[in-house]
Structure formats: C-alpha cells, structure tokens
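> fold the following, please.
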Amino acid sequence: MDIDSYLQKVEAYLKEADLADVPGWESDLPWELRPLAQGEYNMNFLLEQDSREWVFRVNIDTQIGSENQIRYEYDTLAMLAGSSFTPKPFFIDDTQSHFDYGVLIMEYITGDALVYQRDIEKAAGLFAGIHQYSHEIADWQHLIVEQNPLSMTYDECARLLDIYFASPIAKDEVRAYLEHVIDWASKARQRESYFHENPWWCVINTEVNSSNFIVNRETGSIHLVDWEKPLWGDPSQDLSHFSVPTTTLWKTDYRMGLKERQGFLDAYRQAINDESLAETIEERVNLRDPFNCLRGVSWCAMAWVRYRSGKHALQNADTFAKLDMYLDINFLHSLFDTVLEGKEMQ
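As a prediction, the model looks like this:
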C-alpha cells in the first residue's frame, strides 16, 4: 500500500463527507487533493480550496495497541489546541464505514522541517511550552499513563527484539550483542524508582524526530505535528528521545555533541516555569538515554524483519536504508558499549 494508490479512495470519500464543522470549508466550491507525506502508520494528504488548506490524515495502523487510534490522536490534539505548538483538529470519522481505518482533518501548518544545528533552542521552548501547558490540564484521562517509564520501554523493546531474535534471517553477531543489551536493560530498569519518588506529569509526544516538527522562519513559530503515540508521563522522555543518536540520525546525518546537548537542556531549563523540574531535568534525561537508544534499535530490528519478509504495510525507501545502518554492529557498539561498561552515555 502506498499513498498514491489511496488518493482516489480519499477523493471519493470527500465527495460524500459532511465537512460543515471544518472552519472555512465551502461545500459548494471545488477543491483539490494531493499526497503530502507518508509515514509508517499513516498517510497524509493536502486538501486545498481556494487559498485555504487542511491536512487529511488516514491512520492505517497503531503503535499503542489502540482499537481507535485516530480518536486517541484527535482527543490529544483537541486537548493541546490552546498550547500554540500543535495543529488544531477539525474533523474526525472513526466509524470505518468508508475506510478500513479512521480519518481526521486538521490544521495545515506551513514551514520547514527542523534543522538541529539552528533550531535546538526553539525545540527546547516548544517542549517546555507543551509540558507546562499540559501539566496544568485536568482532562487527560484518555491517555495511556507511563506508570513505570523504564520498564514500559524495556517491555516494548523486549517484545520488538523477540521478533528479530526469532527470525531465521537475523544476523548472529547482532543478535548476540542485542541479547546482551536487553539483559542489561532488564536489570537497569529498577532505576525508574527515581520517577516514582520525583513525579512530574504532563503530555509527552514520544516520537520527536526532526521531520515531525514544522518551523516557520518568517513568523518564528514552531509546531510538533505528529501525535500518534502520546502518553501521560515524565518530560524527560521527549528531551531524551529528541537528542539521542537514534533519533537525530533518523532523518539526517547529525549526531548531537555534548556542547549542543548541554545548550538544549539549558534552554529548556530557562523556558520551564518550575524550579524543581529545572534542577532535576538533566538527571531525568540521563536515566532515559540508553533506553531510548534501545527503543530505536529495537523498532528497527522488528521493522528490518518485516520489511525483508514483505509484511510491513507501508514500504518507505528512506526507512529501509536506515534499518541496515542502525543494525550495523559498529553502530550498536557506539551506542551501548559505555553503558554496558557501567559508564555514562556520551
């Protein structure tokens, strides 16, 4: 399945849909639809009518095991609509009466993908804004709660890695090394007691690679636009996931250095309106880093098997190229040797 082959089906749906609740939509005026972006679990189309534009999103799978993935996304976007950092949702159809999947229409935001070398401080301000805004919201109950953050990540990694470990096409050297890493994580996850003793709850996105940001350099705005897998958890998850190599290298060739990383955390401290969180955020992030690296690698291990066996619904060429890179044994050593030796990640 690819986005171009789905275009006619979306066009047929729009000819029948009642979009009266979409701001600016005129039912008697012509419109155009074109592919915008294809992810691993969704397809996005640009819906245009005169000078007005919206995103039409088709959800085709779930990473969180939700029976109503699109409703989960819609409710989160609605909850964060007042933050100024996320697109506003306008329409949802989760009946699956026309599609096998849920769909939504949301605000289209113009701009460019985030560039780490110049947008790190903007990203820090966005995270602080979303975290602070959601920390004060009472109506978050639709979200999955990250009760045991390191164990939750460990369980996900173990489940994903089992697919790789059981595959006859897995590389023996990579399998043996990752078995060593997951064994380390099984023991190290007890460190999550820190989060139990020092909780700070907010909405976390959990999927913060550079392509999920829209930066408008004319207006100075920045938005985080992909909300497939938000949780109610600790802000350190977003900050760690944003800065670890498995994220920065996903869509770019950038690996954040120690100086840049410190600048990013300092910018977050300055933007967050909570002295306790500002003082502890670096310790929180350091606890997360190896688990987030393992999460990225584990997903790649699972996807590597699914891609090569033809079982993945969406085939993305850029993703396919990164899978081999992330499962290269030398790259894995660069990520985990320090923690396996009992040292802090660099």
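
> which helices and strands does the helix of greatest length in the chain pack with?
In the chain, with assignment by DSSP state H, the single longest helix is helix 275-309. Applying 3 or more Cβ pairs under 8 Å, 6 or more residues apart in numbering; DSSP states H and E, one finds that helix 275-309 contacts helix 149-165, helix 172-188, helix 193-197, helix 236-243, helix 245-251, helix 258-271, helix 317-326, helix 329-340. Placement of C-beta: from N, CA and C, glycine included.

> take those helices and lay them out in CSV including distance to Leu46.
Converted to CSV, the helices and strands packed on helix 275-309 look like this (distance: least, Cβ to Cβ, whole Å):
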stretch, distance to Leu46
helix 149-165, 32
helix 172-188, 39
helix 193-197, 40
helix 236-243, 26
helix 245-251, 20
helix 258-271, 31
helix 317-326, 20
helix 329-340, 35
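
> quick one, which of those gets closest to Leu77.
Evaluated with Cβ to Cβ, these place helix 236-243 nearest to Leu77, the distance being 16.3 Å.

> give the rounded mean pLDDT of that closest one.
Mean pLDDT, helix 236-243: 98.

> chain center to that helix, what's the gap?
In terms of Cα atoms, centre = their mean, to the nearest Å, the centre of helix 236-243 is set 10 Å apart from its chain centre.

> who touches it?
123, 127, 131, 146, 149, 204-208, 231, 247-248, 256, 261, 264-265, 268, 281, 284-285, 287-289, 292, 295 (Cβ atoms under 8 Å, 6 or more residues apart in numbering).

> could you dump it to CSV, C-alpha only?
The C-alpha trace of helix 236-243 is given here as CSV (Å, rounded to 0.1, in the frame of the first residue of the first chain):
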residue,chain,number,x,y,z
SER,A,236,12.4,13.7,30.2
GLN,A,237,11.1,11.2,27.7
ASP,A,238,10.7,13.9,25.0
LEU,A,239,14.0,15.6,25.7
SER,A,240,16.0,12.4,25.7
HIS,A,241,14.3,11.0,22.6
PHE,A,242,14.9,14.3,20.8
SER,A,243,18.6,14.3,21.5
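
> what angle separates that helix from helix 258-271?
140 degrees (axes from the mean of the first three to the mean of the last three Cα atoms, to 10 degrees).

> ok, the spatially most central residue of the chain - contacts?
Centroid-nearest residue in the chain, with Cα atoms, centre = their mean: Glu207, separated by 1.4 Å. The contact partners of Glu207, taken as Cβ under 8 Å, 6+ apart, are 226, 228-229, 241.

> before we move on, what about Ser167?
305, 309.

> Arg217 too?
Counting by Cβ under 8 Å, 6+ apart, Arg217 has contacts 111-112.

> switch the cut-off to 7 Å
Listed by Cβ atoms under 7 Å, 6 or more residues apart in numbering, the contact set of Arg217 reads Asp112.

> narrow the contacts of Glu207 to just the buried residues.
Taking 16 or more other Cβ atoms under 10 Å as the criterion, what is buried in those is 226, 228-229, 241.

> which residue, other than its chain neighbours, is closest to Tyr307?
In space, and not counting its chain neighbours, Tyr307 is closest to Phe320: 5.6 Å by Cβ to Cβ, 6 or more residues apart in numbering.

> state the number of residues packed around that neighbour.
14 (other Cβ atoms under 10 Å).

> gap between the two ends of stretch 133-153?
25 Å (Cα to Cα, to the nearest Å).

> what residues of that stretch count as buried?
Buried residues in stretch 133-153, defined by neighbour count with 16+ other Cβ under 10 Å: 133-135, 140, 142-144, 146, 149-153.

> repeat that for stretch 96-112.
For stretch 96-112, a neighbour-count test (16+ other Cβ under 10 Å) marks 99, 101-109, 111 as buried.

> swap in stretch 18-32?
Across stretch 18-32, burial judged by 16+ other Cβ under 10 Å covers 19, 22, 25, 31.

> name the nearest of those relative to Asn216.
Nearest to Asn216 among those, counting by Cβ to Cβ, is Val22 at 22.0 Å.

> tell me the SS of the closest one?
Three-state call for Val22 (DSSP: H, G, I helix; E, B strand; the rest coil): coil.

> one step back: restricted to helices, list the contacts of Glu207.
His241.

> nearest to Lys187, of the contacts of Glu207?
For those, the nearest to Lys187 is His241 (22.0 Å; Cβ to Cβ).

> from Thr252, how far off is Arg217?
18 Å (Cβ to Cβ, to the nearest Å).

> repeat that for Cys157.
Here Cys157 is placed at a distance of 23 Å from Thr252 (Cβ to Cβ).

> ditto for Val203
26 Å.

> before we move on, what about Tyr13?
Using Cβ to Cβ, we find Tyr13 at a distance of 35 Å from Thr252.

> helix 258-271 and the helix or strand Phe127 falls within, what's the angle between them?
Element membership for Phe127, per DSSP states H and E: helix 116-135. With the same axes, to 10 degrees applied, the angle from helix 116-135 to helix 258-271 works out at 30 degrees.

> in terms of secondary structure, what does the helix or strand just after helix 116-135 contact?
Later in the chain than helix 116-135, the nearest helix or strand by DSSP H and E is strand 144-145. Contacts defined by 3 or more Cβ pairs under 7 Å, 6 or more residues apart in numbering; DSSP states H and E place strand 144-145 against strand 231-233.
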